[in-house]
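1. when you get a sec, could you give me coordinates for this:
(chains A and B)
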Amino acid sequence: MTKDKTIIETQHVSMTFGKGDAEVHALKDINVSIRSGEFVAIMGPSGSGKSTLMNIVGCLLRPVSGRLILDDEDVSDLDSYERAILRNEKIGFVFQSYNLLSRTNALRNVMLPLMYNRDVHYSRLDMEEKAEEVLVKVELQDRLFHNPNELSGGQQQRVAIARALINDPIILIADEPTGNLDSSSGEAIMNMLHEMNKEGMTIVMVTHDQLIADHSERTIHLLDGEIEHVVKNGKNKKHAGEAI
Amino acid sequence: MRVTEILRTAIEAVNKNKVRSLLTMLGIIIGVAAVIIMVGISAGTEATIAEQITSLGSNLVYVSSSFTMGGVSGMRGGGSSGGLVFEDATAISEEVNGVAGVVVEQTSSQTVKYEDVVVDEVTIMGTTADFPSVRDMEIAAGRYYTDEDVDRETKVAVVGATLAESLFGDADPIGQTVIVGTTRLAIIGVFEQKGLVGTTDYDSRIYTPISVVWNYFSNQEFARVMGDSVRMIYVEVANPEELDSIITQISLLLAKRHDVTLDDADFSITTQDDIITTQESTTEAFRTLLGWVAGVSLVVGGIGIMNIMLVSVTERTREIGIRQTVGATPSDIRWQFLTESILLSITGGLLGILAGFSGAALFEHFVGMRTVILPESIILSFAAATLVGIFFGYYPASKASQLDPIDALRHE
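-> Got it, this is the predicted structure:
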């Protein structure tokens, strides 16, 4: 993958919730483009629209207007069925609250996206092998059969990362990945994300923690549904309202 | 998602909540078991009745006098006929081909006394010598009366087992004398226990030559004018395949003798099969009713499944959100929940069949009612259970499939 190829692009994306007087403009004319292999952080206070932007980029939410180009394909008008397949094949998710299936062991949790894979029909054995492989990669080889409630927060988040990676996505979306963790486990998770980024994974991370955001190459600051400014390599560069 | 994975996921989900799954299935289990047991009891009753009727002798044709539209039969045709008379029976045995035996019966109700014991309203059955063989009755002790006894109006009697017990207790009835009405009859034999046939208790009757009934227990004036009347004529047919032709012959013969047309005949002819068919149609209607009542409980069971599945969908909203996020399509989610409810109802159905079998066995053992498990009741109730699972599982499943992934993920 070349570093210059644009992998995600939002064109004039707007989002509103509610109707009439209660209408809230969550996003206003957002133009963002993210290159392959980039590590981008989205920052902003609560209500700034960062989660909404992440959900749109993750194809969980359809924008009211504007286009979303993912991997050279306009995915703005896909229906819920097609978006599910797209999420399965191209997007990995890591959440603040891990979002693992309870009472289901690590191996099974990691296997889940494989079960919904419509391209390749894995046998049960293949699925288990592949899941184990990824769990080894996140250093959980001795926790394969532990349920989430038997794992520490950091371990749970690593299971979630393994699950996000198992279908070889083209982009990883992380929503406050260290939000529920103590600083040392948070650090470990960030290092893991860095490793993945070094291997070429495109990462979009939502956070409100400046220290965490500093791990990224570029930080997009949102305020009231608009891009306030963009910080690159730790230096401020203002590009508000323009395509980045 | 492949079928095997969907099934595995459903099995895991059912297994994770064993108690709840069992409670969910309970309605279906009870419904299926109820259908099987209810239908089994009515089929058992029907089989018992059919057996009782055949036990009265095979290949029997019953000829009895009947009422016609014009009033009491036999009052027309210049008084030439007074219903069935003994001569009709004689004519049948002499003129109809293929008849193995003819027995007539005339009854009367009398008080029977033996020493201090008095039994009121005992049915006195006046019959002929062939009665035990035609009606499949076994003599336990002594003998039955002969044709000679009938001709000579010998005042002898054979008693049913129950009546013998109440009259004589442990004493040997043979050789004793009882007073029937005002007539003394000598006991020459006792019948084997027959049991209830339909509502008729053959064991508490007393059997005596029909000539004795005519002479001592009937209205003499009537007999002088009309001839010796009989209540019923039993005709035993030698070859069952000739049954239809024999019925035709008897009808024509009796119509001619009574001077009536077949359309307003003063007698009716029925066969064992007719009686069994009538019984069957009654029990069948009863069985259908029972089946429907039990079917309603199946529907109630289905509503139970729907309730629990709706609760389950709400409870597992987050799980649904997680699955949607990692790529479950709406149809994947719908199938997952639908499969779960179908699995619950099928398992419930199987357990219900098991419960039905054991319930029927317990019923037979403790209540003493015979049950016959009909295969169609099993197939029908099981199919109904499965359909109930699909029908009542669809709504919760499609509700689950329409959840918005983001809302579902936020659900606590």
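
2. nearest spatial neighbour of the residue in chain A that chain B sits nearest to, chain-adjacent residues omitted?
-> Nearest residue of chain A to chain B (Cβ to the nearest Cβ) works out as A:N88 at 2.4 Å. The way it works is simple: take the backbone N, C-alpha and C, and place the C-beta from them, glycine included. Of all residues not flanking A:N88 in the chain, B:G327 sits nearest, at 2.4 Å (Cβ to Cβ, 6 or more residues apart in numbering or on different chains).

3. need phi/psi at that neighbour.
-> phi 120, psi 10 (degrees, to the nearest 10).

4. hmm, it is touching A:Y116, no?
-> Yes - counting by Cβ atoms under 8 Å, B:G327 does reach A:Y116; the two are 3.9 Å apart.

5. distance of the residue nearest to A:N88 from A:S97?
-> According to Cβ to Cβ, to the nearest Å, B:G327 stands 19 Å off from A:S97.

6. neighbour count: those two, which is higher?
-> Between B:G327 and A:S97, B:G327 has the larger neighbour count (other Cβ atoms under 10 Å in any protein chain shown), namely 25 against 17.

7. ok, now which ones touch that one?
-> Applying Cβ atoms under 8 Å, 6 or more residues apart in numbering or on different chains to B:G327 gives the contacts A:84-85, A:87-89, A:113, A:116-117, A:167.

8. max pairwise distance over the residues you listed: which two?
-> Within the contacts of B:G327, A:A84 and A:N167 form the most distant pair, 12.5 Å apart (Cβ to Cβ).

9. what about burial for the contacts of B:G327, which qualify?
-> By neighbour count, with 16 or more other Cβ atoms under 10 Å in any protein chain shown, the contacts of B:G327 hold A:84-85, A:87-89, A:113, A:116-117, A:167 as buried.

10. next step: those residues restricted to helices.
-> When DSSP state H is applied, the buried ones among the contacts of B:G327 are split such that A:84-85, A:87-89, A:113 fall in helices.

11. does B:T146 touch B:D130 like I think?
-> No - B:T146 is beyond contact range of B:D130, at 10.3 Å (criterion: Cβ under 8 Å).

12. higher neighbour count, the two?
-> Shown here are B:T146 and B:D130; by other Cβ under 10 Å, B:D130 has more neighbours (18 against 14).

13. got a list of what the more buried one touches?
-> Residues in contact with B:D130 (Cβ under 8 Å, 6+ apart) are B:101-103, B:236.

14. among the residues you listed, which one has the most neighbours?
-> Neighbour-wise, the contacts of B:D130 (other Cβ under 10 Å) top out at B:V103, 24 neighbours.

15. now do the strands in the stretch 101-250 of chain B.
-> For the stretch 101-250 of chain B, strands defined by DSSP state E, counting those that start in this stretch occupy the ranges B:117-127, B:139-142, B:156-159, B:177-180, B:183-191, B:196-197, B:200-201, B:206-209, B:232-237.

16. A:F17 is nearest to which of the ones you listed?
-> Comparing those against A:F17 with Cβ to Cβ, the closest turns out to be strand B:196-197 (78.9 Å).

17. chain A versus the residue nearest to B:L163 when sequence neighbours are not counted, what's the distance?
-> Once flanking residues are discounted, B:L163 sits nearest to B:S204: 4.7 Å by Cβ to Cβ, 6+ apart. Between B:S204 and chain A the computed distance is 69 Å (Cβ to the nearest Cβ, to the nearest Å).

18. go ahead and confirm B:S204 touches B:E165.
-> No - contact criterion Cβ under 8 Å: B:S204 and B:E165 do not qualify, at 9.3 Å.

19. for chain A, give me its nearest residue in the stretch 1-150 of chain B.
-> For the stretch 1-150 of chain B, the residue closest to chain A is B:E5, as judged by Cβ to the nearest Cβ, at 5.0 Å.

20. which element is that residue on?
-> According to DSSP states H and E, B:E5 maps onto helix B:3-16.

21. burial measure for the residue lying closest to B:E284 once chain neighbours are set aside, as a count.
-> Leaving aside its chain neighbours, B:E284 sits nearest to B:E46 (7.7 Å; criterion: Cβ to Cβ, 6+ apart). For B:E46, the number of neighbouring residues by other Cβ under 10 Å comes to 20.

22. ok, the one 5 residues further on next?
-> Burial of B:E51 is recorded as 12 neighbouring residues (other Cβ under 10 Å).

23. report the contact partners of residue 23.
-> All of this refers to chain A. Here A:E23 is in contact with A:16-17 (Cβ under 8 Å, 6+ apart).

24. I was after chain B.
-> Each residue near B:L23 by Cβ under 8 Å, 6+ apart is listed here: B:I308.

25. who's in contact with the helix ranked longest in chain A?
-> Secondary structure of chain A per DSSP H: the longest helix is helix A:183-198. With Cβ under 8 Å, 6+ apart as the test, helix A:183-198 has contacts from A:37, A:39, A:138, A:152-154, A:157-158, A:161, A:165, A:172, A:174, A:177-178, A:181, A:203, A:205, A:212, A:215.

26. buried subset of the residues you listed as a PyMOL selection?
-> The buried subset of those, as determined by 16+ other Cβ under 10 Å, is captured in PyMOL by this line:
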select buried, chain A and resi 37+39+138+153+154+157+158+161+165+172+174+177+178+181+203+205+212+215
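
27. narrow the contacts of helix A:183-198 to those in strands?
-> A:39, A:172, A:174, A:203, A:205 (DSSP state E).

28. sec struct for A:K28, please.
-> strand (DSSP: H, G, I helix; E, B strand; the rest coil).

29. please identify the buried residues of stretch A:38-52?
-> Applying a neighbour-count criterion of 16+ other Cβ under 10 Å, one finds A:38-44, A:48-52 buried in stretch A:38-52.

30. how about it as CSV, C-alpha atoms only?
-> In CSV, the C-alpha atoms belonging to stretch A:38-52 read as follows (Å, rounded to 0.1, in the frame of the first residue of the first chain):
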residue,chain,number,x,y,z
GLU,A,38,-2.2,7.2,8.2
PHE,A,39,-2.8,7.4,12.0
VAL,A,40,-5.4,10.1,12.5
ALA,A,41,-7.0,11.3,15.8
ILE,A,42,-10.3,13.1,16.0
MET,A,43,-10.5,15.3,19.1
GLY,A,44,-13.1,17.5,20.5
PRO,A,45,-15.3,18.1,23.6
SER,A,46,-18.4,16.1,24.0
GLY,A,47,-21.1,17.2,21.6
SER,A,48,-18.6,18.3,19.0
GLY,A,49,-19.6,15.5,16.6
LYS,A,50,-16.5,13.4,16.8
SER,A,51,-18.5,10.2,17.6
THR,A,52,-20.9,11.0,14.8
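
31. quick one: the closest residue to A:R158 other than its chain neighbours from A:V110, how far?
-> Among residues not flanking A:R158 along the chain, A:V138 sits closest, at 4.1 Å (Cβ to Cβ, 6+ apart). In this view, A:V138 and A:V110 are 9 Å apart by Cβ to Cβ.
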